[in-house]
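Peer 1: have a look; sequence and predicted model below, questions after that.
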Amino acid sequence: MAQVRILARTNRDEFFGRDVEVRQIVRQASHLTDARGLILMAAPGAGASELLRQSYDQLFARRGDPVPIYFAFRRSGATASEIARGFFQSFLRQYIAYRRVDPSLADAPLSLAELRELALPGDYEIVNGMIDLFEGATASEADLVNFCFSLPRRFAAQGRRTFPLINCTGVLPFSDEGARAHELFIALRATQSSFVFAALRRQVADLTHNAEEDRDPPTALHLEPLSDYEARRALEGLARRYQIQTNEPTRDLIVQQLGSSPFFITQFMQAARDAQVSLTSFLNCQRLYVDELLGGRLHRQFEQLLRALTEDPQTKKMLLRVMYEAAVSDTRKSSLWAWKKRLGLATNEFERIIDVLHACELVNSSGAFIEVNAESDVWMDYLRTQHQLEVTGESRAKVVAESLLETLKRAPRAMARKYRREAALGLRQLLQQFNCQSVPASLFHYERFSESYRGERLDLINEGLDAEGDLIRLPQIIYVAPGAAYSATIHGDAERCMVGHGFEAAEYTEENEVVWLVAELESKLEASRELAEDWCDRLAQLGREAKLHHPRIWLIAPEGFSDKASELLNERGALGSSRQQIELLSARLNENRTVESATADEFEMVIPMSDDTELIAARTVEEIARRVNFKPEAINQIKTALVEACINAAEHSLSPDRKIYQRFVVEDDKLVVTVASRGLQPARVAPQNGENGSGEPSAKSRRGWGLKLIRTLMDEVEFQRVDDGTQLRMTKYLR
Amino acid sequence: MAETRDINVQARHIGEAAIIYASDYLNKLSGERIERECKRQLESGFRTLIINFRDTELVNSIGVSILVGVIDAAEQNTAQLIFADVNDHTVNLFEMLGLTRHVQIAKDESEALSWIRPQETSTASRTLTADTRR
């Protein structure tokens, strides 16, 4: 039976990606002997509120000891008395609801008189006693707050255990709510019961300091944004519930654009429901996104925050200006002093604003410097549009139009980033798996590997590697970060250049300290000396700039390295591997990759992108073409064109599903073959590799002949526009 | 599917010529195997390489690109390279991609053998079959 929703906003079966966290919170409630707090350190928009609500519902349904109590601090400017009264009433109401097994009471607006009446006979004494004390505790605001926040302790003293789930993610630095949240945390630490205290991760320290330092420290639980996969599932669940049409590309786009934030995704899907928009094209998605950004839920989220920062329109305008100009500058980093001077604010006020922006992760402030956090597309888009509207005074129509154009242009780039990230080798995981293991040295020396194993069967390669005596002992890598975080000389996808800090032989001494600088190169052929040299130089510069000790350069190129490039790597003492070597290394470090299987149909078929599957497609089209009496030569041409189209799709698309979708349509005088794949859209304007200026392929250029062949072999070839990926339509006429 | 096909490259020697047999589908993997076998034959001193395509039904551009590497290797070793028994469709592809400017194409193995340069045919003919598995 499905769990009844009480406080949760999402059905349990549609709440994705947080099973581990819910289990940990529920388990925390059961700690009888080791009653410690659990601090939930949440990234902004990671869904901490819903996690606590879901946990509440689960605890309510479980019917055991203790009684769950959920309370959220709001960003509403409430007084200390109002907060304390709210806590008192929530506490008693939820206690009674639980005891009466009546979920409808948990969130009902009940008066104190009603609470007295609804208390079960067994609870009557304690409930009435607390209400009497509450009504008497009006001597001062401080007394009232102390009394209300002591409810968990007072109930525990009478053998009635509660499990408070306190949500402080809406609390801002320097606010009254923050001070009250801190007081409540201290009160909870004074009880002998478990509790959960959720706050923005950058604010946790401020809200939990000076609390019973001599007791066992609370357990920490980090709540990061959802993975792309879980965010997509959450979006699918919302689409089902709100009956909004979506498709795979648009779901991926929304997730990418909203940074996998469950908060933004929920807001966006609610907007789609209200507007009754189907999200089946990028255009529809971006129209809604721009509407939301300029006046909908997304807009309101940032607007409320800025209003909480300052009521003064001039200060807000200057703040937008300073932030936007910093965001579009080369480094995005400025001195705090420069910001303060430009904003012209008193020190206290300036510090408060910066602290709030920092806590909400809209800027990163580190004492002397400040930078705008440009990782969030939504925040950057909001900042840009508000700057245009409020600072430069551009017309709303122009801002809408430009935003729509820009987001549509950006969509394929955002998807490309995602595909590149997913197609990357996973250097971070690979480095972290080193763990002092010994592996054949030839896996790090392409020329040796190529000489021994190029073109060899996999089982024989593995046999050869097993028999190798020359082993390399890998270091223990203890921290990995993108190269771009160290040096401005590293551009491109963050996942393709990594810096791994560690120790040789896991001995933690200065002499054993080592830093691996790893880059994944893009090259369809064996990487040239020039390319290898460029990356060696860049990584060496990164090492110098960051003052890294004992750097070791390791380059990875899909097809390995030319002889001259290998010579260079040897001269530089650098390592070099091909993708095949990495796959073999990964297997040895216990990492496996899987490829999804394909399904097939009569005249529409889907094949997986893997070895030789294009032959299946070729044989299918051969049979179809034979049935409609194409001549043998034409059949061969169609087969070859189809094979090339499949190879193109597999090689260039970085397809997320690794599938090629094909349709064969026989018409009166022609056969139309459509080959589609999700992923990157190819550059179609520039001449392909292998084509010289005259359009003739050059035999010595070696690669990039596929499209040229297809155009020569088929009568009509056309790339068709699709939101995501490529669709190639090829026609052959019966003659 | 790839695993079920014959993964060995068959080769044999006639005089100073090494004859290498391509498989039914010339793609990256089978192309690399041919390339590997050709380089092995060149290292063994053979200066005439004949690649026989009698079994080859289909080729793709990656397989052809690897043949360009074989052409390069043959040129660097001043070796003669002949393609034999190539079907019409594949010959057309080789022409489209410019390979026929760099390699001789014989209609069959006998014709290829008859094209061997005179100075390299002095040794008496001997025939053997080599399984090139390591």
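Peer 2: Ah, there it is. Quick caveat, the model's predicted, so the values are computed rather than measured.
Peer 1: for residue A:20, grab the count of nearby residues.
Peer 2: 9 (other C-beta atoms under 10 Å in any protein chain shown). All C-beta atoms are positioned from the backbone trio N, CA, C, and that covers glycine.
Peer 1: part of a helix, is it?
Peer 2: Yes. Applying DSSP: H, G, I helix; E, B strand; the rest coil, one finds residue A:20 inside a helix.
Peer 1: what score does it have for pLDDT?
Peer 2: Predicted confidence (pLDDT) for residue A:20: 90.
Peer 1: OK, contacts around it?
Peer 2: By C-beta atoms under 8 Å, 6 or more residues apart in numbering or on different chains, the contact set of residue A:20 is empty.
Peer 1: try residue B:49
Peer 2: B:17-18, B:20, B:38, B:41-42, B:70, B:74, B:79-82.
Peer 1: name the element it belongs to?
Peer 2: strand B:48-52 (DSSP states H and E).
Peer 1: please apply the same query to residue A:410.
Peer 2: Assigned by DSSP H and E, residue A:410 falls within helix A:396-423.
Peer 1: so what does that helix touch, helix or strand wise?
Peer 2: Here helix A:396-423 touches helix A:248-257, helix A:282-295, helix A:377-386, going by 3 or more C-beta pairs under 8 Å, 6 or more residues apart in numbering or on different chains; DSSP states H and E.
Peer 1: so for chain B, the centremost residue is which one?
Peer 2: residue B:51 (2.0 Å; C-alpha atoms, centre = their mean).
Peer 1: local confidence estimate at it?
Peer 2: At residue B:51, the model reports a pLDDT of 96.
Peer 1: quick one, what contacts it?
Peer 2: B:19-22, B:34, B:38, B:67, B:70, B:81-84.
Peer 1: next: residue A:584.
Peer 2: A:443, A:461-462, A:465.
Peer 1: one step back: reformat the helices and strands packed on helix A:396-423 as a markdown table; add mean neighbour count.
Peer 2: A markdown table is the format used below for those (neighbours: other C-beta atoms under 10 Å in any protein chain shown):
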| stretch | mean neighbour count |
| --- | --- |
| helix A:248-257 | 22 |
| helix A:282-295 | 21 |
| helix A:377-386 | 21 |
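Peer 1: could I get these as a markdown table with mean pLDDT and distance to residue A:113?
Peer 2: Below are those laid out as a markdown table (pLDDT from 0 to 100; distance: least, C-beta to C-beta, whole Å):
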| stretch | mean pLDDT | distance to residue A:113 |
| --- | --- | --- |
| helix A:248-257 | 93 | 48 |
| helix A:282-295 | 95 | 43 |
| helix A:377-386 | 95 | 46 |
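Peer 1: nearest to residue A:633, out of these?
Peer 2: Residue A:633 lies closest to helix A:248-257 among the helices and strands packed on helix A:396-423, at 38.0 Å (C-beta to C-beta).
Peer 1: could I get the average pLDDT for the helix or strand following the closest one?
Peer 2: Later in the chain than helix A:248-257, the nearest helix or strand by DSSP H and E is helix A:262-275. Regarding helix A:262-275, the rounded mean pLDDT is 94.
Peer 1: and what of stretch A:560-568?
Peer 2: Taken as a whole, stretch A:560-568 carries a mean pLDDT of 94.
Peer 1: which residues touch stretch A:321-330?
Peer 2: With C-beta under 8 Å, 6+ apart as the contact definition, stretch A:321-330 has outside contacts at A:332-334, A:339, A:342-343, A:362-363, A:370-372, A:374, A:380, A:383-384, A:386-387, A:391.
Peer 1: still on that earlier bit, for the helices and strands packed on helix A:396-423, which one sits closest to residue A:616?
Peer 2: Ranking the helices and strands packed on helix A:396-423 by proximity to residue A:616 (C-beta to C-beta) places helix A:248-257 first, at 23.1 Å.
Peer 1: what parts of chain B come near chain A?
Peer 2: Chain B comes close to chain A at residues B:1-2, B:7, B:25, B:27, B:29, B:32-33, B:35-36, B:58-62, B:64-65, B:68-69, B:71-72, B:88-89, B:93, B:96-99, B:101-102, B:133-134, as judged by C-beta under 8 Å from any C-beta of the partner chain.
Peer 1: taking the contacts of residue A:584 one by one, which sit in helices?
Peer 2: Of those, the ones assigned to helices by DSSP state H are A:461-462, A:465.
Peer 1: would you list the contacts of residue A:584 in JSON lines and tack on distance to residue A:414?
Peer 2: Formatted as JSON lines, these follow (distance: C-beta to C-beta, whole Å):
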{"residue": "A:443", "distance to residue A:414": "34"}
{"residue": "A:461", "distance to residue A:414": "38"}
{"residue": "A:462", "distance to residue A:414": "39"}
{"residue": "A:465", "distance to residue A:414": "39"}
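Peer 1: and the strands in chain B?
Peer 2: Along chain B, counting by DSSP state E, strands occupy B:10-14, B:17-21, B:25-26, B:48-52, B:58-59, B:80-84, B:104-106, B:127-131.
Peer 1: picking that back up, ok and the strand holding residue B:49 relative to strand B:80-84, angle-wise?
Peer 2: The directions of strand B:48-52 and strand B:80-84 differ by 20 degrees, with axes from the mean of the first three to the mean of the last three C-alpha atoms, to 10 degrees as the criterion.
Peer 1: between strand B:48-52 and strand B:17-21, how many degrees?
Peer 2: Relative orientation of strand B:48-52 and strand B:17-21, computed by the same axes, to 10 degrees: 20 degrees.
Peer 1: parallel or antiparallel, which strands does strand B:48-52 pair with?
Peer 2: Using DSSP bridges, strand B:48-52 pairs in its sheet with strand B:17-21 (parallel), strand B:80-84 (parallel).
Peer 1: and of those, who's closest to residue A:128?
Peer 2: Closest approach to residue A:128 among the strands paired with strand B:48-52 (C-beta to C-beta): strand B:17-21, 96.7 Å.
Peer 1: chain center to that closest one: distance?
Peer 2: Relative to the mean C-alpha coordinate of its chain, strand B:17-21 is positioned 6 Å out (C-alpha atoms, centre = their mean, to the nearest Å).
Peer 1: then stretch A:178-192?
Peer 2: 33 Å.
Peer 1: which outside residues touch it?
Peer 2: A:35, A:37, A:73, A:80, A:83-84, A:87, A:145-146, A:149-150, A:152-153, A:156, A:164, A:166, A:168, A:171-172, A:195, A:197, A:199, A:203, A:206-212, A:215, A:218.
Peer 1: so which of the residues you listed are in helices?
Peer 2: A:80, A:83-84, A:87, A:145-146, A:149, A:152-153, A:156, A:206-208.
Peer 1: give me the subset of the residues you listed touching chain B.
Peer 2: Okay, of the ones in helices among the contacts of stretch A:178-192, nothing touches chain B (C-beta under 8 Å from any C-beta).
Peer 1: of these, just the buried ones, PyMOL syntax please.
Peer 2: Provided next is the PyMOL selection string for whichever of these are buried by 16 or more other C-beta atoms under 10 Å in any protein chain shown:
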select buried, chain A and resi 80+83+84+87+145+149+152+156+206+207+208
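Peer 1: any chance of the ones in helices among the contacts of stretch A:178-192 in a markdown table, with pLDDT too?
Peer 2: Converted to a markdown table, those look like this (pLDDT from 0 to 100):
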| residue | pLDDT |
| --- | --- |
| A:80 | 89 |
| A:83 | 93 |
| A:84 | 93 |
| A:87 | 95 |
| A:145 | 92 |
| A:146 | 91 |
| A:149 | 94 |
| A:152 | 94 |
| A:153 | 93 |
| A:156 | 91 |
| A:206 | 87 |
| A:207 | 89 |
| A:208 | 87 |
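Peer 1: closest to residue A:126 out of the ones in helices among the contacts of stretch A:178-192?
Peer 2: Within the ones in helices among the contacts of stretch A:178-192, distances to residue A:126 taken as C-beta to C-beta reach their minimum at residue A:156, with 11.3 Å.
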